[in-house]
Structures are given as C-alpha cells and as structure tokens.
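Asker: What would the 3D arrangement of this be:
(one chain, ligands or ions: 1)
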Amino acid sequence: MMVTPIEALELVTYLKENNQFDESLKNKCKETIGKFRLDQQLGNGKKSFLRRTYTCPFFNHQELGCPLPREVKPYGCLAFNSHHSELKAGAECFSEKEILEARDKAIIDEEKENQEIKEKYSLYWDKTPLPLALMDFFDEK
Ligand code: SF4
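Answerer: Residues are numbered from 1 along each chain as shown. Just a heads-up that it's a prediction; the model follows:
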C-alpha cells in the first residue's frame, strides 16, 4: 500500500498513542523492505508512483486480517474490500464510503497539509510504500 505524508502521520500518531510504534514494528518494516526490495528504485523515471507488491507488515497471518482500525488505515485499504469472509469473487466488495467521506471533510487542503508534513519531517516523497514511510518516522523519533 502506498501512503501520503498525511496518511503516514495519522497512522504513526495512532501507533504511538497505542504503544505500537516499537522495535517489533520497526523490525517488521525492515524485513519487508529487505525481502521485497522496496528501497530499490524501479522503472524508467517517467512514473512517479510505481506500484510495488509486498506483504504489509500489519497483515496478521495468525488471524487473517488487519489489526488497524478503519479510521487510521491508508485510503487505499478502504477503497474496495470484501465484506464477507467466505467470498473471494468480489460479490460482497464495496468501499467504506462513510469513512472516506469523513476523512475528506477532515482534511481541508490536502496538498498544503502534505507539503507541511513533508517539510516538518524532512520527507522526500509524495507517496511511498507503507514500510518505507514508517521507517522515516522511526528515524525521526
Ligand atoms: S488493510 Fe491493513 S494489512 Fe492490509 S494493506 Fe492496509 S494496513 Fe496493511
């Protein structure tokens, strides 16, 4: 999942408040970055947001699913999900529209806010894979 600075900061704030922004998460992020080579640039420089495939460090292999509350998940995670655990064909997939709308209302000027966060935390990206984004906030800690 690619995240913007706003999405990353919202998630980091939640994780800090819940004592989950810790060494264990940092190690998972490092593992994911190494395993899926997320820190290596791909492409020919024409596309700024190349999608990368990787297993999210929050994905729980024991009890399938994501432990993050919907309010702090990256937008893309709310975009089009199955709402029925048994179905895999997409018949029960739909967006978390209410949450997406609430987030849109809460962010008055997304571009400006992203820019401010970039400057405050010295981020070089507009969008980046979630583990890389979190590592920038660990480094800032
Ligand atoms: S839903 Fe959760 S586990 Fe899945 S990509 Fe988003 S943050 Fe990661």
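Asker: Return the distance of whichever strand or helix holds P131 from the chain's centre.
Answerer: If you go by DSSP states H and E, P131 is part of helix 130-140. Averaging C-alpha positions (Cα atoms, centre = their mean, to the nearest Å) puts helix 130-140 11 Å from its chain's average.
Asker: Report the buried residues of it.
Answerer: By neighbour count on 16 or more other Cβ atoms under 10 Å, the buried set for helix 130-140 is 130-137. C-beta: built from backbone N, CA, C; applies to glycine.
Asker: Relative to the ligand, which of the residues you listed is nearest.
Answerer: Nearest to the ligand, judged by Cβ to the nearest ligand atom, of these is L130 at 6.5 Å.
Asker: and the closest one, what is it in contact with?
Answerer: Neighbouring residues of L130 by Cβ atoms under 8 Å, 6 or more residues apart in numbering: 1-3, 8, 11, 56-58, 74.
Asker: got it, and A102?
Answerer: By Cβ under 8 Å, 6+ apart, A102 lies in contact with nothing.
Asker: Does the helix or strand in which it is found reach the ligand?
Answerer: According to DSSP H and E, A102 maps onto helix 97-106. No - under the criterion of Cβ under 6 Å from any ligand atom, helix 97-106 makes no contact with the ligand; the nearest approach is 12.5 Å.
Asker: about what we covered before: restrict the contacts of L130 to contacts with the ligand.
Answerer: Within the contacts of L130, those near the ligand by Cβ under 6 Å from any ligand atom are 1, 56, 58, 74.
Asker: and those as CSV, adding neighbour count?
Answerer: Output for the ones next to the ligand among the contacts of L130, formatted as CSV (neighbours: other Cβ atoms under 10 Å):
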residue, neighbour count
M1, 19
C56, 16
F58, 22
P74, 21
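Asker: from these, which is closest to E101?
Answerer: The nearest member of the ones next to the ligand among the contacts of L130 to E101, counting by Cβ to Cβ, is P74 at 16.1 Å.
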